[in-house]
Structures are given as structure tokens and as C-alpha cells.
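Peer 1: Got a predicted structure plus its sequence, pasted below:
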Amino acid sequence: MNKKKFQKHLKYGTNSVIFTIAVVGVIILLNLMLSSNPLKWDLTRDKIYSLSETGKKALKDVNEEVKILFFADPSDSIAMDVKQLYENMHSINDKISMEIIDPMKNPSLVNEYQITSMYTSVVSSSKRTKQVPSYDLIRTNYETGEQYFDGEGTLIQAILDVTAEKQTKVYILEGHGEFQKDQDLVVLSSLLEQKGVLVESYSLTGKTSLPEDADIIYIIGPQFDYTSEEVNALKDYLDKGGKMVLAFNHYTEGENFNNLKELSASYGIHVEDSILTDPTRNYSGDEETLIPEYVYHEIIEKLDEDRIATIIPKARGLSVNEKEDITTSVILQTSEERPIAIASEKELNDNKKTQLLVIGNAFFAHDQVIGLAGNTEIFFGALKWFSTDSAIVDIPLKTYTSEPLVLVGSQAFLIFSISVLLIPLFVFVFGGMIYFRRRSL
């Protein structure tokens with residue numbers, strides 16, 4: 001090899017080495033920069049790994065320490081999604097902390113918080129603690145099988161609930177043969193308390209008013225009528241902006257609920273003396289055990305979206321009794337459009353409103369039945385409807401189900417030509433040009 005050619009090879013070789021070292025150095029520098037200030041892009045269709053503007057605004061208003069315990073295997077994909085969600089929330093408000101608890105390694109915590117399923121969250125502040133069940137985090141449309149991640153909306157709502165100055169208080173009325181809180185409604189009471197609601201029983205017998213701190217009143221399954229004085233107390237409560245769920249037992253011959261029926265009628269809901277049947281939408285062929293149709297309303301919004309059925313055994317008929325200043329909405333009905341549940345609303349002064357939900361069945365709330373299908377969600381939906389608290393977030397669900405890419409017309413041929421033919425051909429030609437050019441040096 002002559003001296004001139006050797007110098008050329010040395011020159012190009014040195015340049016190649018310097019260039020390689022420079023590229024490697026730049027890559028190392030970029031990695032160091034990105035490791036200290038990671039850049040992430042959420043390319044998912046529904047932005048599963050990003051916070052909504054509504055969520056960011058709500059988190060910025062939280063001004064006290066909140067701790068989240070999430071019970072799951074830390075290596076689980078859902079746990080990783082929740083961890084990413086937490087990191088997003090922590091970046092907005094560093095008062096929020098989270099720990100992922102492996103149930104297999106921490107049985108004492110599982111017992112302490114009475115955790116019964118994976119992906120359950122316990123959210124706590126100095127004021128109170130709230131448990132978020134797994135089915136609120138990962139929701140499923142049981143008709144299509146599509147799954148939704150509701151982590152942002154559910155956890156942020158829980159954070160707002162445990163930091164709120166005031167808790168919602170529910171009184172379950174007793175004294176007229178109703179289902180009792182500590183005997184027949186244990187499951188319902190427990191589920192409400194997990195939602196951060198205070199639940200107490202109360203007897204109106206011999207009294208002329210309801211507790212001053214009553215946010216919501218439940219009357220579930222009375223066996224005999226309220227007196228005129230007691231109904232006047234209920235009406236006075238409602239007329240001041242009260243919220244009430246009134247669930248009747250199924251109709252029996254010779255019953256007398258004239259006063260409670262009059263109370264319902266005064267708010268636009270007529271209670272009938274009949275038992276509803278449905279030959280089409282029923283449970284196990286029993287025409288008196290109804291699987292209601294949903295009529296769009298905030299109370300049953302989640303049930304309707306997720307296509308979750310409810311089971312209502314032996315319901316009495318209801319109908320709308322139109323009144324000028326009252327808005328009534330059927331929310332549950334038979335396939336023949338006979339109402340099973342009706343919501344009534346009346347606007348008052350000072351941004352208050354009377355809200356009454358009348359249901360033609362009470363047994364669906366009993367411990368024996370409430371666990372079936374989506375029965376509990378009727379009460380949770382009613383909580384949302386009743387709420388006048390501004391600390392309620394409405395964040396859209398984010399689907400886990402991938403959306404297939406459908407290629408139309410010549411799109412498939414175009415993609416095949418570019419990826420399989422043109423790109424490899426370009427690499428081959430360009431590589432050949434460089435190779436033969438270097439050979440001639």
C-alpha cells in the first residue's frame with residue numbers, strides 16, 4: 001500500500017472513529033438528561049395515562065395530606081397503570097402519596113382494612129377514610145365485554161370525599177315495620193359507609209320533626225302507614241330542600257298507606273294498588289321478578305352505560321301525576337313501559353331543591369337481594385343525584401379495549417408497497433451506493 005493511499009485510509013478511519021465516539025457521547029448525554037427529566041407522550045386513544053383538565057383543577061384545590069393504599073401485586077399491569085396515575089396526580093399536588101400493598105405479603109393490612117378483592121384502594125386523610133372497590137376502578141360493560149379504566153375519576157372523587165369539610169348523613173327511618181339498619185340493611189349500610197357516608201337509624205314515632213343534620217332520608221319497606229303528623233314532618237323536611245328515598249313493599253290486599261301515598265302524590269308520583277308483571281324482562285321465568293328497562297337519568301347512568309341489570313322482585317305499579325312546578329322522571333320501567341321507579345324534583349329558592357325517589361319495591365335493598373346484579377348502584381346513583389356538593393367530578397371513562405384499524409380501498413396495498421417494497425429497496429440502493437463509493441477511494 002503506497003503512502004498516499006495509507007494516509008487516505010488513516011484519515012477516513014480517524015474520522016469514522018471520531019464520529020462514532022461523538023454519536024455515542026451524544027446518546028449517553030441524552031440518556032442522562034432524559035433520566036433526570038423524563039419526557040413522556042401518551043399515545044393511547046383515550047389518554048389513559050394522562051390527567052384531564054377537570055382532574056388537574058380538582059387536585060390543585062386539595063390542601064391537606066392524603067394517603068392512598070392500593071392493594072394489588074406491584075408487577076400487575078393494572079397496578080402499573082394506577083402507579084402511573086398516581087405519579088401524574090403527585091406531579092400536580094405533592095400532598096398526595098400512595099403505596100402499593102401486595103396482599104400476599106401484608107395479610108395484617110388486608111385484615112385491618114377488610115379487603116375482599118384485588119385492586120381495592122383505601123384513601124384516607126386526617127378527617128376520614130374511604131374504601132374504593134375494584135369494580136369502581138375497572139368497570140365492565142357486561143353486554144359487550146368492553147372494559148373501562150375509571151381510575152382518575154374514582155380516585156380523585158375519593159380524595160375530594162375524604163378531604164371535604166362535611167360528610168353526607170343518611171337516616172334510615174324505623175318504627176313502622178320498615179327494614180332495619182342493623183338487621184335487614186346491614187350490607188347497604190356498610191356499602192354506603194365505604195362511600196364515606198354516615199348512616200344512622202331514626203324513629204319518627206312521637207316526634208314532629210326530623211334531625212337537623214339529615215341530608216338524606218330512607219324509608220324502606222314500611223309495613224303500616226305513617227300518621228298525618230309524621231307525614232307533615234316528612235313534607236316539611238322535603239319542602240325545605242330535603243332528599244328522600246321512599247321504597248314501598250309490593251301491594252297486598254287490605255293494606256292502608258293512604259298518608260304515604262298522599263305524600264308521594266303531592267310530589268307528582270301516584271302509587272298504585274297493583275303488582276307489576278313482565279313476560280319479557282324477568283328473572284328465571286318468574287314474571288313478577290322484574291329486570292327493569294332503564295330510562296335515561298343520572299341515577300341509573302352507570303347501570304345504563306355498563307349494561308348492568310337490576311333485579312326487582314314483586315314491584316307495585318307507579319304512575320306520573322303531573323304537577324306544574326314539579327319535574328318527574330321515570331327511571332325504571334317494565335318492557336311495557338309501566339313505571340317501577342320515579343324521581344321527582346322541585347326547584348326552591350336559594351339554589352335548593354326538593355328531591356324524592358319513589359320505588360315500587362323495597363325488598364331489592366334487603367341483605368338477601370341487594371348483592372344481586374346492580375341493585376346497589378341504584379342507591380349510589382341516588383347519592384350522586386342528591387348531592388349539592390361542588391366537590392363532585394365528572395371525568396369520562398377511558399376504555400382499555402383496543403380499536404381495530406380498518407383499511408379501506410387501496411390503503412392496504414399502499415402500506416404494503418411502502419413498508420415491504422419501497423423502504424427495503426431504498427436501503428439496498430443507498431447502501432450499495434455507499435459501498436461502491438468507498439471501494440473506489
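Peer 2: Nice, I can see it. All figures in this text were calculated on a predicted structure; none of them were measured in a lab.

Peer 1: can you pull the contacts of D367?
Peer 2: Counting by Cβ atoms under 8 Å, 6 or more residues apart in numbering, D367 makes contact with 184-188. Backbone N, C-alpha and C define where each C-beta goes, glycine included.

Peer 1: now do 10 Å
Peer 2: The neighbours of D367, taking Cβ atoms under 10 Å, 6 or more residues apart in numbering as the test, are 179, 183-190.

Peer 1: Assign it to helix, strand or coil.
Peer 2: Per DSSP: H, G, I helix; E, B strand; the rest coil, the local secondary structure of D367 is coil.

Peer 1: Report how many residues lie close to the nearest residue to it once chain neighbours are set aside.
Peer 2: Using Cβ to Cβ, 6 or more residues apart in numbering and skipping the chain neighbours, the partner closest in space to D367 is V187 (4.8 Å). Neighbour count for V187, taken as other Cβ atoms under 10 Å: 17.

Peer 1: doesn't G371 make contact with V187?
Peer 2: Yes. With contact defined as Cβ atoms under 10 Å, V187 counts as touching G371 (6.5 Å).

Peer 1: any common contacting residues for these two?
Peer 2: Counting by Cβ under 10 Å, 6+ apart, nothing touches both V187 and G371.

Peer 1: quick one on the thing from earlier: so among the contacts of D367, where is pLDDT lowest?
Peer 2: Within the contacts of D367, pLDDT reaches its minimum at S190, with 83.

Peer 1: hmm, back to that, of the contacts of D367, select the buried ones using a PyMOL command.
Peer 2: To isolate the buried members of the contacts of D367 in PyMOL, using 16 or more other Cβ atoms under 10 Å:
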select buried, resi 179+184+185+187+188+189
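
Peer 1: Quickly name whichever of the contacts of D367 is closest to L276.
Peer 2: Comparing the contacts of D367 against L276 with Cβ to Cβ places F179 closest, at 20.3 Å.

Peer 1: now the closest one: how far from T327?
Peer 2: 29 Å (Cβ to Cβ, to the nearest Å).

Peer 1: how about the helices of this protein, start to end?
Peer 2: Secondary structure of the chain (DSSP state H): helices located at 3-36, 53-60, 77-92, 107-112, 134-137, 151-163, 186-194, 228-239, 258-265, 301-306, 375-386, 411-416, 423-439.

Peer 1: Can you give the domain ranges for the chain?
Peer 2: Recorded structural domains for the chain (assignment: automatic domain parsing) are 1-39, 53-162, 169-386, 409-441.

Peer 1: least reliable of the ones you listed going by mean pLDDT?
Peer 2: Of all the domains of the chain, domain 1-39 has the smallest average pLDDT, which comes to a mean of 70.

Peer 1: Mind naming the longest strand for the chain?
Peer 2: Ordering each strand of the chain by length in residues (DSSP state E) puts strand 339-347 first.

Peer 1: Give me the helices and strands touching it, please.
Peer 2: Contact here means 3 or more Cβ pairs under 10 Å, 6 or more residues apart in numbering; DSSP states H and E; on that basis strand 339-347 packs against helix 228-239, strand 243-247, strand 269-275, strand 316-320, strand 327-333, strand 353-359, helix 375-386.

Peer 1: Any idea how many residues pack against N93?
Peer 2: N93, neighbours per other Cβ under 10 Å, totals 16.

Peer 1: Identify the residues contacting the closest residue to it other than its chain neighbours.
Peer 2: The shortest distance from N93 to any residue other than its chain neighbours is 4.7 Å, reached at L59 (Cβ to Cβ, 6+ apart). Shown in contact with L59 (Cβ under 10 Å, 6+ apart): 51, 66, 88-93, 95-96, 152, 156, 159-160, 393.

Peer 1: what about burial for those residues, which qualify?
Peer 2: Looks like those have 51, 66, 88-89, 92-93, 95-96, 152, 156, 159-160, 393 buried, using 16+ other Cβ under 10 Å.

Peer 1: okay, the residues you listed in TSV with distance to L173 next?
Peer 2: As requested, the buried ones among the contacts of L59 are exported to TSV (distance: Cβ to Cβ, whole Å):
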residue	distance to L173
L51	42
V66	34
N88	44
M89	40
I92	42
N93	40
K95	39
I96	38
E152	37
I156	33
I159	32
L160	29
V393	31
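
Peer 1: From D94, how far off is I220?
Peer 2: In terms of Cβ to Cβ, I220 sits 44 Å off from D94.

Peer 1: So for the two, which sits in the more crowded spot?
Peer 2: Comparing I220 with D94 by other Cβ under 10 Å, the one with more neighbours is I220, at 27 against 9.

Peer 1: Relative to D239, how far out is that one?
Peer 2: As judged by Cβ to Cβ, I220 and D239 stand 22 Å apart.

Peer 1: ok, now M89?
Peer 2: For M89, the distance to D239 - Cβ to Cβ - is 42 Å.

Peer 1: so what's the residue nearest to L290 when sequence neighbours are not counted up against?
Peer 2: Leaving aside its chain neighbours, L290 sits nearest to I312 (4.5 Å; criterion: Cβ to Cβ, 6+ apart). I312 sits next to 250, 276, 278, 282-283, 288-292, 332, 334, 340-341, 359-364, 369, 372-373, 375, 378 when contact means Cβ under 10 Å, 6+ apart.

Peer 1: how about a cut-off of 7 Å?
Peer 2: Residues counted as contacts of I312 (Cβ atoms under 7 Å, 6 or more residues apart in numbering) are 290, 292, 340, 361, 364.

Peer 1: Which of the residues you listed sits closest to T120?
Peer 2: So of those, ranked by how close each gets to T120 (Cβ to Cβ), first place is F364, at 24.9 Å.

Peer 1: and the closest one, how far is that from P133?
Peer 2: 20 Å.
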